[in-house]
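Engineer: sequence and computational prediction follow.
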Amino acid sequence: MTEDIKSIREMCDEFGVTPRTLRFYEAKELLFPTRDGQKRLFTKRDRARLKLILRGKRFGFTLEEIRQLLDLYHMGDQQLTQLSRTYEIAQERLADMERQRDELNEAIDDLKDQLKWGEKVIASMKQGAKAAE
């Protein structure tokens, strides 16, 4: 394969995804590989799109949000609309992630408190059992 065109296997190796993942993104019209018989051939554009898809998924963007952002690439405004909308969604996602982190930290602190309480109760019960012997 040339540097500009990659097979499905080369894409899988490069991005650490499965062929099923690539076919799924193709079915969802997020990737548009060309066909050579049964072979799917991925261009530089497909690689750039996959990189953005995987980054968006990592940040918790929905596939629909990712699709909308990718579709904004061709607005003809040097990607200003795409970047602006990406920035808005990313701000919302960051706020959600920070809220989730805060809730998780609170749950962790509560669990630690319960474990400390449990340790004291167990130690006390063991002391009581020894005293009764």
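Structural biologist: Nice, thanks for sending it over.
Engineer: since we're on the closest residue to Lys57 other than its chain neighbours, how many residues are nearby?
Structural biologist: Nearest residue to Lys57 in three dimensions, chain neighbours excluded: Ile66, at 7.3 Å (C-beta to C-beta, 6 or more residues apart in numbering). From N, CA and C alone the C-beta is placed, and that goes for glycine too. Using other C-beta atoms under 10 Å, the number of residues around Ile66 comes to 23.
Engineer: hang on, Ile66 packs against Leu52?
Structural biologist: Yes - the pair Ile66 and Leu52 passes the contact test of C-beta atoms under 8 Å, sitting 7.1 Å apart.
Engineer: can you read off the pLDDT for the residue nearest in space to the middle of the chain?
Structural biologist: Centroid-nearest residue in the chain: Arg58, 1.9 Å away (criterion: C-alpha atoms, centre = their mean). For Arg58, the pLDDT comes out at 92.
Engineer: follow-up on the earlier one: what's the offset of the host helix or strand of the residue nearest to Lys57 from the middle of its chain?
Structural biologist: Taking DSSP states H and E as the criterion, Ile66 maps to helix 63-71. From the chain centre to the centre of helix 63-71 is a distance of 14 Å (C-alpha atoms, centre = their mean, to the nearest Å).
Engineer: quick one: residues in contact with that helix.
Structural biologist: With C-beta atoms under 8 Å, 6 or more residues apart in numbering as the test, helix 63-71 has contacts from 28-30, 49, 52-53, 56-57, 61, 82, 85-86, 89.
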